[in-house]
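>>> Next comes the sequence, and after it the predicted model I'd like to discuss.
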Amino acid sequence: MIFPPEWSRHEATWISWPHHEPDWPGKLASIPWVYAEIVRVLHQHERVEILCHDEAVREAATDYLAAHGVTSNFRLHLVPSDRGWLRDSAPTGVIHDGRVKLVNWRFNGWAKYDNCARDQRLGSAIADITGLDRIEPLRPDDSGRVVLEGGAIETNGDGTLLVTEECLLSPIQVRNPGLTRAGYERMFHDSLGIQRTIWLGEGCVGDDTHGHIDDVARFTSPTTIVLAFEADPADDENHRRSVDNMERLQLAGGASGALRIVKLPCPHPVMMNGERLPASYANFYIANGVVLVPTFNDSNDRVALNILAALFPDRQIVGIHSVDLVWGLGTLHCLTQQQPAAT
């Protein structure tokens, strides 16, 4: 079993067209335009599979995409959903004996939201559409299915996984009560073929998933990790978390040279109605030939884009304006899920 890295070849990218107004209170009207821009970029590089909550959403998606000149290399599917964050509610693609299989975690609304019954059925719907085999991992004690989200795990494709203790081991928003660090590592080995799990501490401030890794640390090659690093001690909470995560990565191989750790700046705080939002350049999405990077009308936008351009010299780097998008407490990586290509 191989959990391929995001930069490996994709068959397609999956998204779910936005329709749930409470995800973007007062701003839903602007969000479909952001999605249309995302599809406009992606469809030039790979097929985009789009889930539509109902017929009205499908018709609206068609109109928005046409307005952006998108007329090919996408498909619309009528599949009801609760929210649009497919990174977490859709299955994780793995390679087994050269074939793609879907690892379908149990989704429980990040152990926070009760209205997730439709999202719990997305794995089955995607398996039906693709015809791919679906696997439902069980806890090591066989006491039930494993609860997990795609935004909580990050791989280098070579048997190493990044996760955070805040997400998986904290007593807050508990996904799998009683499942220990060793239990998770055994499950990662059995379900994803992982040989080594690196545990960081906490995610970024404002993340309502309680510590997803994809806002703080990402692999860009088998041995290179970009770490969202808040250098300003005045932002004391994110600075403290950044320093702690850097120390952990140094111990995991950064200090010895086995891992290369690259600092990715943080944007200045993005606030909405007095709430700190989880704005992070680390929430980029790697597709065939392109990397989509969230931008925030911030002086660090250019710095982050240049850093990622140097790390992905064979891909276009495209910034996607995400100030409105992050009001939904997620950006580009959160809303996409790749379907790996068979090997």
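Looks like it came in fine. Bear in mind that the values here come from a model prediction, so they are computed numbers and not experimental data.
>>> Contacts for stretch 236-245 next, please.
Outside stretch 236-245, the residues that touch it by Cβ atoms under 8 Å, 6 or more residues apart in numbering are 200-205, 216-217, 227-233, 266. C-beta: built from backbone N, CA, C; applies to glycine.
>>> Mind checking which of the residues you listed are in strands?
200, 217, 227-229 (DSSP state E).
>>> show me what contacts T343?
Contacts of T343 by Cβ under 8 Å, 6+ apart are 95, 98.
>>> And for F312?
With contact set as Cβ under 8 Å, 6+ apart, F312 has these partners: 7, 220, 286, 291.
>>> ok, it to V262 distance?
Shown here: F312 relative to V262, a distance of 12 Å by Cβ to Cβ, to the nearest Å.
>>> for the residue nearest to Q250 when sequence neighbours are not counted, what are its contacts?
Nearest non-adjacent residue to Q250, counting by Cβ to Cβ, 6 or more residues apart in numbering: I261, 7.1 Å away. The contact partners of I261, by Cβ under 8 Å, 6+ apart, come to 225, 227, 246, 249-250, 254.
>>> Now list the buried members of those.
225, 227, 246, 249, 254 (16 or more other Cβ atoms under 10 Å).
>>> and the last one, what pLDDT?
Pointing back at G254 there. Note for G254: predicted pLDDT of 97.
>>> Phi, psi for it please.
Backbone torsions for G254, taken as degrees, to the nearest 10, come to phi -60, psi -40.
>>> got it, and D207?
Taking degrees, to the nearest 10 as the convention, D207 sits at phi -80, psi 110.
>>> returning to that earlier point: between F312 and V262, which contacts overlap?
T220.
>>> quick one on the thing from earlier: widest-spaced pair of the buried ones among the contacts of I261?
Farthest-apart pair in the buried ones among the contacts of I261 is I225 and M246; separation 10.2 Å (Cβ to Cβ).
>>> Kindly export stretch 228-244 (C-alpha atoms) in PDB.
As requested, the backbone C-alpha atoms of stretch 228-244 are provided in PDB (Å, rounded to 0.1, in the frame of the first residue of the first chain):
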ATOM      1  CA  ALA A 228       4.400  28.000   8.300                       C
ATOM      2  CA  PHE A 229       6.600  30.100  10.600                       C
ATOM      3  CA  GLU A 230       5.400  33.200  12.500                       C
ATOM      4  CA  ALA A 231       8.700  35.100  13.100                       C
ATOM      5  CA  ASP A 232       7.100  38.000  14.900                       C
ATOM      6  CA  PRO A 233       7.000  37.400  18.700                       C
ATOM      7  CA  ALA A 234       4.300  40.000  18.900                       C
ATOM      8  CA  ASP A 235       2.000  37.300  17.400                       C
ATOM      9  CA  ASP A 236       2.800  35.300  20.500                       C
ATOM     10  CA  GLU A 237       0.600  32.300  20.100                       C
ATOM     11  CA  ASN A 238       1.400  31.400  16.500                       C
ATOM     12  CA  HIS A 239       5.100  32.300  17.100                       C
ATOM     13  CA  ARG A 240       5.200  29.900  20.100                       C
ATOM     14  CA  ARG A 241       3.600  27.100  18.000                       C
ATOM     15  CA  SER A 242       6.000  27.800  15.100                       C
ATOM     16  CA  VAL A 243       9.000  27.600  17.300                       C
ATOM     17  CA  ASP A 244       7.800  24.300  18.900                       C
END
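>>> Settle this for me: S16 is touching I50, isn't it.
Yes: using Cβ atoms under 8 Å, S16 is in contact with I50, at 7.3 Å.
>>> which one of the buried ones among the contacts of I261 is nearest A304?
Using Cβ to Cβ, the buried ones among the contacts of I261 come closest to A304 at L227, 12.2 Å.
>>> and the gap between that closest one and R315?
Taking Cβ to Cβ, one finds L227 at 20 Å from R315.
>>> same check, this time on R106
Taking Cβ to Cβ, one finds R106 at 33 Å from R315.
>>> Run a quick neighbour tally on the nearest residue to Y184 once chain neighbours are set aside.
Spatial nearest neighbour of Y184, chain neighbours left out: L168 (5.9 Å); criterion: Cβ to Cβ, 6+ apart. Residues within reach of L168, counting by other Cβ atoms under 10 Å, total 24.
>>> for L168, phi and psi?
Per-residue torsions, L168: phi -100, psi -20 (degrees, to the nearest 10).
>>> residues contacting it?
Contacts of L168 by Cβ under 8 Å, 6+ apart are 152, 175-176, 179, 184, 211.
>>> biggest separation within the residues you listed, which pair?
L179 and G211 (15.3 Å).
>>> the more surrounded of these two?
Higher neighbour count among L179 and G211: G211, with 25 against 20, using other Cβ under 10 Å.
>>> Need the pLDDT of the closest residue to that one other than its chain neighbours.
Nearest residue to G211, sequence neighbours excluded (Cβ to Cβ, 6+ apart): E166, at 3.1 Å. Per-residue pLDDT puts E166 at 98.
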